[in-house]
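Undergrad: this is the structure alone, sequence omitted:
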């Protein structure tokens, strides 16, 4: 049997390393929060009230369904509020001394081919489009380096040289 977790224990999973968000992601979360609070949750509460008025709650599938949906919405509202409360806004561009940091867009040369990576927080990664986490092997290896540096990164069983040619 799984032991229930207190809210304080649930929030521990949101540590500082996971709270890096771009201004766009913060706005997206605010929009979702507003939509849930203004449109979706009131409709589900209305459905729950209507189902409650149908009578016997022990065999009322509509009531059970609406109650479950409301719990899911409330859980998502809690998660969004925690993310927004603990958010660390990512500033775009190079860091101190022009070094790669979270928020940098880095152009590297790998085996005579150029690749562009945007270093993001772990909540906004999309490796297919070049958005990689600061915790990923490539992202963490590039952090702190400047234009002209050659960074050796171990990929599976061999090392690959990444030459930094541009940082935005």
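TA: Cool, the structure landed. Computed from a predicted model, the values in this text were never measured in an experiment.
Undergrad: where's residue 152 relative to residue 127, distance?
TA: 20 Å (Cβ to Cβ, to the nearest Å). In this view, the C-beta of every residue, glycine as well, is placed from N, C-alpha and C.
Undergrad: break this protein down into its domains, please.
TA: 15-89, 96-167 (automatic domain parsing).
Undergrad: rounded mean pLDDT for the first one, please.
TA: Per-residue confidence for domain 15-89 averages out to 92 on the pLDDT scale.
Undergrad: and what of stretch 127-140?
TA: 96.
Undergrad: would you tell me which strand is longest in this structure?
TA: strand 158-167 (DSSP state E).
Undergrad: next secondary structure element downstream of the helix with the most length in the chain?
TA: Selection of the longest helix in the chain by residue count, based on DSSP state H, yields helix 61-86. For helix 61-86, the following helix or strand on the C-terminal side (DSSP states H and E) is strand 88-89.
Undergrad: can you tell me the strand partners of that next one and which way each runs?
TA: Strand 88-89 pairs in its sheet with strand 20-21 (parallel), by DSSP bridges.
Undergrad: let me know the next secondary structure element after the partner strand.
TA: Following strand 20-21 toward the C-terminus (DSSP H and E): helix 23-35.
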